[in-house]
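1. Here's my sequence, what's the structure:
(one chain, ligands or ions: 1)
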Amino acid sequence: MGLVSATAAGRRARDRLAAAWPGETRVYDTTGDGAGGGAGPGSVRDAVARAFAECDRLVCFLATGATVRLVAPLLGDKASDPGVVCVDEAQRYAVALLGGHAGGANELAHAVAEALPGCRPVVTTATDAVGVPGLDTLGMPVEGAVAAVSRAILDGGPVRLVRHVASPLPAMPPNVTEATDNGTERDEDGHVLLVSDRAVVPDDRTAVLRPPVLSVGVGASRGAPADEVTDLVERSLADAGLSPRCVAELATVEAKAEEPGIVEAARRLGVPVRTYPADALAAVPVPHPSDAPLAAVGTPSVAEAAALLACGEEAELVVPKRKSEPGGPGARAAMATCAVARRRPRGRLALVGLGPGARDLLTPRAREELRRASVVVGLDQYVDQVRDLLRPGTRVLESGLGAEEERARTAVAEARAGRAVALIGSGDAGVYAMASPALAEASADIDVVGVPGVTAALAAAALLGAPLGHDHVSISLSDLHTPWEVIERRVRSAAEADLVVTFYNPRSRGRDWQLPKALSLLAEHRAPHTPVGVVRNASRPGERVTVTTLGELDPDVVDMMTVVTVGNTATRVVAGRMVTPRGYRWQEGS
Ligand code: SAH
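-> Predicted coordinates for the structure are as follows:
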């Protein structure tokens, strides 16, 4: 590997790499003091040219622009050109400039970034730029050949994904294929990403994700030594072939929360102690109840019951209660018990509001959830809104209008199967959208995460001025899910209560009389000059904002892409903007 630098800072970074990879690098000296220096021997140009001809990979401590100019005349073809990585003067970025895949520059950029503190790899080849999830960012421990497998995923090499545990993972790129059997054999040049709670020892091409699915229940007599507790826990896991890195917690009865042997064992395992009241433990059916703990702490089982309780519904007892084997001279009684349970892996259902349309009104959290998902469910037009943000390999289940119930069912079923699902909707996913039908179907065995979005009402209000400055309601005029009598009663109530009203779904082809009717109900309590804002396609192409009055609104300008916000009796138009005062005192005083 050739190293070329032109400045003092570059030379320092160069020496660092040379020291990090002894025997693998070759330094091309330059005498010039900048990238622009001449063309003779000792010039940067000359050093780059020699390194380019002699090395299979090249790191240039130069600006990308300078490097591009220097290597351009040297370019041959993709198969034979070396991979070139540029590192900036401040060593913030290692940019894979040339030969990302074939030349190994992507891989090299990662390696350089690892070797230089604070440096980040910049990889722009198509499949990688969209981002492959970092194995160490998935919220669980990972061990084994993490760097090698990450690089294989990144560089498009064959990677087998083997799941012993159905933990929800983000989408993986297409070169990561899910194994249908449970075997971890890999192809000759392939890698394996294993998701497992088994105590397997990974080889140099296997990385193991350790989902926190195990709970160890422990009971201990007063003064039980930490060694005895720790030893019991470790042996119980080892005998069952389970990895200690998948243990989420030690669980016990409240009365033992401060028991030093338990506290210390948890510290050594690096997990918290979780405690439960004796009566909660007593209510858990267990295979091995006994009288001793009943007398001492008030429950016939501590270890088994606590492990099962910590793991929640559908927990599986994988190691039934066993007792410690006290070491040392003399045959004293066992002082600790332990049992291990496994939780059913919980799928993840994220209810993600995408906002009204504009990309910068999509929250960073929504973006994160979209990238965390392996399955995205939604209406086709909303999927289109964010398709470029999804990780390659994300399974997209889109459907047309009207298939709401089915869509909600699909999303829940996918999450129950252990996957990471994002159910998306415009605005907020809980407002006239999919969150409620989905949760009406959902059982307690999945994790649900709501990500709020900017609603159409809020986006429209921001365009109109400040129409929602006091109490307000939204009313949907669609009688698809709600009988018209109910809608009418609500509009009347809003009119009487002098609430600002935002009408959603105001008008469609074949549903054209509802809006005029609703406006006439409001007009019974509001003057014809009451300000009305009509906003079509808020924050989307074709956005149109109109401020008119209750007396003058032309319903023909309203369609299904529109919301209509009707002011209350205090709403005014100030400098062309709708303003609803925060309180009625303001109105009285003005
Ligand atoms: N969940 C969405 C509402 C979906 S109901 C939200 O929180 O905003 C669909 C209705 O919302 C449309 O008929 C229209 O009345 C309104 N709407 C959605 N997006 C809009 C936008 N960008 N501009 C104006 N109205 C919009």
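2. now the helices for the stretch 201-350 of the chain?
-> All helices of the stretch 201-350 of the chain, identified by DSSP state H, counting those that start in this stretch, fall at 226-239, 260-269, 278-282, 291-297, 303-311.
3. Okay, domains of this structure per the record?
-> As recorded under automatic domain parsing, the domains making up the chain are 2-124, 135-209, 214-342, 348-454, 459-579.
4. Out of those domains, which is closest to the ligand?
-> In terms of Cβ to the nearest ligand atom, the element of the domains of the chain nearest to the ligand is domain 348-454, at 2.1 Å. Backbone N, C-alpha and C define where each C-beta goes, glycine included.
5. where does the closest one sit relative to the chain's centre, distance-wise?
-> 12 Å (Cα atoms, centre = their mean, to the nearest Å).
6. again, but for stretch 464-477
-> Per Cα atoms, centre = their mean, the centroid offset for stretch 464-477 relative to its chain is 32 Å.
7. and the stretch 301-450 of the chain, which residues reach the ligand?
-> Residues of the stretch 301-450 of the chain found near the ligand (Cβ under 6 Å from any ligand atom) are 356, 357, 425, 426, 427, 428, 431, 432, 433.
8. If we use 5 Å, what do you get?
-> Within the stretch 301-450 of the chain, the positions near the ligand by Cβ under 5 Å from any ligand atom are 356, 357, 426, 427, 428, 431, 432, 433.
9. Around the ligand, which positions in the chain sit nearby?
-> Near the ligand, when you scan the chain using Cβ under 5 Å from any ligand atom, you find 356-357, 426-428, 431-433, 455-456, 504-505, 538, 560, 563.
10. Next, give me the two most distant ones among the residues you listed.
-> The most widely separated members of these, counting by Cβ to Cβ, are 428 and 560 (17.8 Å).
11. higher neighbour count, those two?
-> residue 428 (24 against 14; other Cβ atoms under 10 Å).
12. Next, the contact list for the more buried one, please.
-> 353, 452, 453, 454, 455 (Cβ atoms under 8 Å, 6 or more residues apart in numbering).
13. Could you list which of the residues you listed belong to strands?
-> Using DSSP state E, residue 353 are the members of the contacts of residue 428 that sit in strands.
14. Spit out the contact partners of residue 354.
-> Contacts of residue 354 (Cβ under 8 Å, 6+ apart): 362, 366, 382, 385, 386, 424, 425, 426, 427, 429, 453.
15. same thing but 10 Å
-> With contacts defined as Cβ atoms under 10 Å, 6 or more residues apart in numbering, residue 354 is in contact with 361-363, 366-367, 370, 378, 382-383, 385-386, 389, 422, 424-429, 451, 453-454.
16. Which ones among these map onto helices?
-> Judged by DSSP state H, helices contain the following of the contacts of residue 354: 366, 367, 370, 382, 383, 385, 386.
17. picking that back up, and among the helices of the stretch 201-350 of the chain, the most buried is which?
-> The highest mean neighbour count among these, using mean count of other Cβ atoms under 10 Å, belongs to helix 303-311: a mean of 27.
18. Grab the nearest non-local neighbour of the residue nearest the centre of the chain.
-> The centroid of the chain falls nearest to residue 372 when counting by Cα atoms, centre = their mean (3.4 Å). In space, and not counting its chain neighbours, residue 372 is closest to residue 170: 5.0 Å by Cβ to Cβ, 6 or more residues apart in numbering.
19. My guess is the one you found contacts residue 153. True?
-> No - judged on Cβ atoms under 10 Å, residue 170 makes no contact with residue 153 at a distance of 11.6 Å.
20. So which of these two has more stuff around it?
-> For the pair residue 170 and residue 153, the greater number of neighbours falls to residue 153 (24 against 20), based on other Cβ under 10 Å.
21. quick one: contacts for the more buried one?
-> Residue 153 neighbours (Cβ under 10 Å, 6+ apart): 127-128, 132-135, 159, 161, 172-173, 175-176, 191, 193, 207.
22. same thing with residue 280?
-> By Cβ under 10 Å, 6+ apart, the neighbours of residue 280 are 253, 254, 299, 305, 306, 309.
23. if I look at the last one, how far off is residue 277?
-> So that's residue 309. 10 Å (Cβ to Cβ, to the nearest Å).
24. overlap in contacts of those two?
-> residue 283.
25. And the strands in the stretch 151-300 of the chain?
-> Listed in chain order, the strands of the stretch 151-300 of the chain (DSSP state E, counting those that start in this stretch) span 159-163, 176-178, 191-195, 206-209, 214-220, 247-253, 273-276.
26. Which elements pack onto the third one?
-> Meaning strand 191-195. For strand 191-195, the packing partners by 3 or more Cβ pairs under 10 Å, 6 or more residues apart in numbering; DSSP states H and E come out as strand 142-144, helix 146-154, strand 159-163, strand 176-178, strand 206-209.
27. from the ones you listed, which stretch is densest packed?
-> Of the helices and strands packed on strand 191-195, strand 206-209 is the most buried (mean count of other Cβ under 10 Å), at a mean of 26.
28. any idea of the mean pLDDT in stretch 54-72?
-> Across stretch 54-72, the average pLDDT comes to 94.
29. distance between it and the chain's centre?
-> Per Cα atoms, centre = their mean, the centroid offset for stretch 54-72 relative to its chain is 36 Å.
30. And for stretch 283-299?
-> For stretch 283-299, the distance to the chain centre is 41 Å (Cα atoms, centre = their mean).
31. which residues are in contact with that stretch?
-> 217, 219, 221-222, 252-256, 276-282, 300-309, 315, 317, 320-322, 337, 339.
32. Where does the prediction get shaky in this protein?
-> 32-38, 125-132, 137, 182, 184-187, 327-331, 584-590 (pLDDT under 70).
33. ok, now which ones touch the closest residue in space to residue 574 that isn't next to it in sequence?
-> Nearest residue to residue 574, sequence neighbours excluded (Cβ to Cβ, 6+ apart): residue 465, at 7.5 Å. Listed by Cβ under 10 Å, 6+ apart, the contact partners of residue 465 are 531, 533, 545, 547, 571-580.
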